[in-house]
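Student: Pasting the sequence and the predicted coordinates here, then a few questions.
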Amino acid sequence: MPRRTLNLGILAHVDAGKTTLTERLLHAAGVIDTVGSVDAGTTQTDTLALERQRGITIRSAVVSFDLAGVTVNLIDTPGHPDFIAEVERALSLLDGAVLVVSAVEGVQPQTRVLMRALRRLRIPTLLFVNKIDRAGADPEGVLDAIRGRLGVRVVPMGTDWGDPAVRATLVETLADRDDALLAAFVENEHAITDQRLRRALATQTRRSLVHPVFFGSAMTGAGVAALSGGLVEFLPADEGDPEAAVSGRVFKIDRGRAGERIAYVRMFGGTVRVRQRLPVGTTDAKATVIRVSRDGTWVPRPALVAGEIGKLWGLSEVRIGDTIGRPPPRAARHRFAPPTMETVVSPVRPGDDAALRAALARLAEQDPLINVRADDTGREISVSLYGEIQKEVIQAMLADEFGIDVTFRATTTICVERPVGHGEAVEFLNTDPNPFHATIGLRVEPGPAGSGIRFRMRVPPQAMPLYVYKSAEVFTDAMGQYVRRTLREGRYGWAVTDCVVTMVESGYSVADGPPSRRGPVSSPTDFRNLTPIVLMRALDRAGTVVCEPTLRVSLEIPAWSLSAVLTALGRLGAAVRHQTVRGDLTTIGTVVPAARVPELHRRLPALTAGEGVLESTFDGYRPVHGDPPVRPRTTADPRHHKEYLVSLTRHGGRG
Ligand SMILES: Nc1nc2c(ncn2[C@@H]2O[C@H](COP(=O)(O)OP(=O)(O)OP(=O)(O)O)[C@@H](O)[C@H]2O)c(=O)[nH]1
Ligand SMILES: [Mg+2]
C-alpha cells in the first residue's frame, strides 16, 4: 500500500543545531528512547568517527520516522560552507525543508545562501529559531532579521491569534496572496475563523509564498512538538505513482563493511524491484538488496516505490548523480559554486603513493567534487577543495580510515582555459608522420560561458569504423569521451571548457579494402591515441585564454568606512557593480578574484572597526591579466610527439 512520504531537509549555518534538532524529532516520534548529544558523539546522524570527534556534520544522513501516518525521511545536512556540495545534492530530492536559525547567532551569510536556494527551487520551508534557552537569545530580533535580511514573508507561530493586533498582522500577511480571504476580510473580518486562516497558511506555505516560524530549543525540547505538528500540517506529503515509468536519482554513495558500494536513491516515479534489470547511468544493473529506513534502522524490502528513499546494493559501477530510468521531472537543480581551490597531497611515508591514490579515489566516489588528479608516475596527486576545513577533514579521514598520513602543499586557485578563436587540424591514414591507423579531423571553437564541452559529429556513417564500434552512436560517444579526456589539460595545463568540438574527418583502413584504405586494420586504440594529437594541434591554432574563478561579493559596511573599503577593493582587482546607501549602512556589490577573497576577509574587520559583513557566492570565470599561470601536466603532452608515443607504450597503448 503506498504511503504518504515527506522527504524533509534540515538546513542551516554551521552549529545552528540541526543534528540536535534531528535527535529531538526522532525522540518526539518515539524512534529513540534517549536523546543523543552532538557533544558526546552519540547522535543518530553524525555517525562518522570524525563527525563524532569534532561535533560537526560532514556528510548528509537519512533517518526516518512516522508522523501522523506520514513517513518522514529526514535528511540532516552539514552547515559548514566547505561541505555545501552535500547540501546541493540533498536539495534535488526534498519535498520540504526546515531552515534552522540560532536565536543567539541570528541570520548568517550561509542562512541567506540557503534560503535563496530553497526559494529558487520553490521548496516549502518552515523556519525554526533554535537555542531560545541560551543566555543572549533574542528571538524577536532574529524574527526581524528574518524579515529584513532574508526578505521573506513569515508568520510567527505560538502567538495568540485571539489578540486583535496579532490577528490583524496575520490576516494582512495572508490576504496579500489570497483574494478570497481579502474579500472576506473586507466584508466582515470577525467572521473569519482560525481554521480558515490555518488553511490559508498551509496552502501558501506549500506554494513557498510564506514561511511559518517556530521557536524553541533542540537542547531542552521546548517547541519541538509544535514543529513536529507543523511538518504534517504545512508541508506537502505525497503518495507517488508506483505505476509510472521508473525514475530516480542517486544522491549519496557509501561503502558497506565488506567494501561493497551502497547507493542512496530517491524515487520520483515507478517501482524498482530486487533483481530487476535497471538502466543506471549509462549502463544496466540489478539491485541485489533494497533497504529503507524505518524507525531508526534500515530494513530489507522487495521494492522501492515512487516518493521513497532507499539504499540499493549491487550497483557496482554506480556514481553520485546517476539517474535510474528516466531523469527525474524536477530536473531543475541548484548549483552552488564549484570548488575553486586545489592542493597537492603527498604521503608522509614514501611507499604510500599507491595506497593514497586508491584512498582518494574512494573519497572522491563519495564526494565527486574532490576531483583527484594524479600524474602518470603517481608522484603528484592533487585534490580540489572548497576550503581549509575540508582539507583538514580529508587529512583526518585518510589517517583514520586508511592509515595514511599526508601533508599538503599550499592551496592554489583552479583556473580554466577557454578557446579564443577557431582552430582545425587533421591527420590522414597512411601519411607520415601519423603513427596510427586512423584519419581524424577536428575543429575547435568557443562556446557560450558556462556551456562546458559540446561534441558534434559531422562525418557520414560510411567514414566511421563501424565494424569495431557497432553503431554511429557508439562511435560518436567514444570520440566524445576521447575529446573530453584530452581537454582535461589544455595548452597551459588547465581544463578546457566552454567550447564546441566538431569531428569533420574520419577514415579507417581494412586489410582488403580499396588501395586508399588498405593497410593494417584500424582499432579503437588508433582513434583513442590519435585524438589528443589532432585536438591539441587544433587547440593551438584556436588559441586559449586562461581564466580564473571570481566570486560575487556583497559587503555591508558603515558609511564612514566607504572610501577605505573601495581603495582596498581596487587593490584586490575587484570590479564594483553597484553601491547603495541605507541610513548609515552602505551595501557594495562587487566581483573579486576568488584567490583574493580570503585577503578581503582578513582585512575587513580593521577597515570597518569590526562592523563590516561579507557574503560571497560564485560568479564565474574571467581572463587572467598578465602572464597566464601554467599548471604542470599529469599526462604526456601530445604536442611532443616522441614523449607522447613513449608514454603510450609505457601504458600499453592505453594513454
Ligand atoms: N543551549 C543550546 N545548545 C544547543 C541547542 N541546539 C544545539 N545546541 C548545541 O550547539 C552545538 C551545535 O549543535 P549541532 O546540533 O551539532 O549543530 P549542527 O547545526 O548540526 O552543526 P553542523 O552540522 O556542524 O553544521 C552543540 O554543542 C549543541 O549541543 C539548543 O537549543 N540550545
Ligand atoms: Mg550537524
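Tutor: Yes, it's here. Ligands and ions are numbered 1, 2, ... in the order given.
Student: give me every residue that touches the closest residue to ligand 1 within the stretch 501-650 of the chain.
Tutor: Residue nearest to ligand 1 within the stretch 501-650 of the chain (C-beta to the nearest ligand atom): residue 615, separated by 17.7 Å. Just so you know, the C-beta spots here come from the backbone N, C-alpha and C atoms, and that holds for glycine as well. Residue 615 is in contact with 109, 112, 113, 553, 554, 555, counting by C-beta atoms under 8 Å, 6 or more residues apart in numbering.
Student: So which of those residues sit within strands?
Tutor: Counting by DSSP state E, the part of these found in strands is 553, 554, 555.
Student: ok, and the most crowded of those?
Tutor: residue 555 (27 neighbours; other C-beta atoms under 10 Å).
Student: beta partners for that one?
Tutor: Beta-bridge pairing for residue 555 (DSSP bridges): residue 588, residue 614.
Student: Spit out the contact partners of it.
Tutor: Going by C-beta under 8 Å, 6+ apart, the list of residues near residue 555 reads 565, 587, 588, 590, 604, 612, 613, 614, 615.
Student: Surely the first one is in a helix?
Tutor: Yes: inclusion of residue 565 in a helix is indicated when DSSP: H, G, I helix; E, B strand; the rest coil is applied.
Student: measure it to residue 149 for me?
Tutor: To residue 149, residue 565 is 20 Å away according to C-beta to C-beta, to the nearest Å.
Student: And those two? Which one has more around it.
Tutor: A count of neighbours by other C-beta under 10 Å puts residue 565 above the other of residue 565 and residue 149, at 23 against 19.
Student: For residue 473, give its distance to ligand 1.
Tutor: Per C-beta to the nearest ligand atom, to the nearest Å, residue 473 is found 45 Å from ligand 1.
Student: and that residue, which of the three is it?
Tutor: Going by three-state DSSP: residue 473 is helix.
Student: Tell me which residues are up against whichever helix or strand residue 23 is part of.
Tutor: Assessed by DSSP states H and E, residue 23 sits inside helix 18-28. Here helix 18-28 makes contact (C-beta under 8 Å, 6+ apart) with 10-12, 32-38, 43-46, 57, 63, 65, 72, 74, 76-77, 79, 98, 100, 128, 130, 218-219, 221, 224-225, 227-228, 296.
Student: repeat for stretch 386-403
Tutor: With C-beta under 8 Å, 6+ apart, stretch 386-403 has contacts from 49-50, 58, 80-85, 337, 339-341, 343, 345, 355-356, 359-360, 362-363, 369-370, 383, 385, 404-406, 408, 411.
Student: Stretch 471-478 too?
Tutor: Outside stretch 471-478, the residues touching it (C-beta under 8 Å, 6+ apart) are 455, 457, 461, 464, 465, 466, 469, 524, 527, 528.
Student: what pairs with whichever helix or strand residue 384 is part of, and is each one parallel or antiparallel?
Tutor: Counting by DSSP H and E, the element that carries residue 384 is strand 381-385. Using DSSP bridges, the strands paired with strand 381-385 in its sheet are strand 341-347 (antiparallel), strand 373-374 (antiparallel).
Student: Break down the stretch 201-350 of the chain into its helices, ranges please.
Tutor: For the stretch 201-350 of the chain, the helices defined by DSSP state H, counting those that start in this stretch occupy 224-234.
Student: Enumerate the residues of it near ligand 1.
Tutor: By C-beta under 6 Å from any ligand atom, the residues of the stretch 201-350 of the chain that approach ligand 1 are 217, 218, 219.
Student: Count the neighbours of the closest residue to the first one other than its chain neighbours for me.
Tutor: Just to be clear, that refers to residue 217. Spatial nearest neighbour of residue 217, chain neighbours left out: residue 133 (4.1 Å); criterion: C-beta to C-beta, 6 or more residues apart in numbering. For residue 133, the tally of surrounding residues (other C-beta under 10 Å) stands at 16.
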